[in-house]
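[1] My questions concern the predicted model and sequence given below.
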Amino acid sequence: MLFSYNLAFESLLDITPDIIKGQCAKGIILDIDNTCTTHDNPVPIEGLHEWVASMENAGIKLIIVSNNHEPRVRPFAELIGLDFVCEGAKPMPKGYIEGCRRMGIKCREGIAIGDQIYTDILGANLCGMRSILLRPIEPEKTMFFRFKRWAEKPFLPKVYRRG
Ligand SMILES: [Mg+2]
């Protein structure tokens, strides 16, 4: 189903390398906004560096794919030491395909992690990729986002797992 995901977690930090390997994934397509930090915030959530290192130490590849622009994405990606695709046009497949190409994996070997059904999750499904939905770090205030969050409601999990 286009709006379904494999797992749902409270926080990115609840996802362990074993969980990724349990999904038979070799590489992670990672969202930034409301996944790794709040919107427009240059500071990663506490523990993100260690989380990235734990994945890399387990042999799992990572790349950031964001719909945001380069001035937002590049400094953040560089801060946590990851390659990135900006203006990824999620849910269109192009950013996912480019991300997987750079990680040297097939789309079906990737797993997308993000907070939005109609971008992160839909795009993963359009590419035949697995996905993990996260609870957004904080609620957005703009009308556009409030509409999007309302429209997501039928597809949200009853419970988000914790690590
Ligand atoms: Mg996001």
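    Now that the structure is in, tell me what you want to look at.
[2] Show the contacting residues for residue 82.
    Residues counted as contacts of residue 82 (CB atoms under 8 Å, 6 or more residues apart in numbering) are 30, 52, 62-64. In short, each C-beta sits where N, CA and C put it, glycine included.
[3] What segments of the protein are strands?
    With DSSP state E as the criterion, the chain has strands at 7-9, 27-30, 61-65, 84-85, 110-114, 130-134.
[4] For the ion, which of those strands is the nearest?
    Distances from the ion to each of the strands of the chain were compared using CB to the ion; the shortest belongs to strand 110-114, at 5.2 Å.
[5] Give me the residues contacting the closest one.
    Contact partners of strand 110-114, identified using CB under 8 Å, 6+ apart, comprise 6, 12, 15, 20, 23, 25-31, 35, 65, 90, 96, 99-100, 103, 120-121, 123-124, 127, 129-134.
[6] same thing but 6 Å
    With CB atoms under 6 Å, 6 or more residues apart in numbering as the test, strand 110-114 has contacts from 23, 25, 27-31, 35, 100, 120, 124, 129-132.
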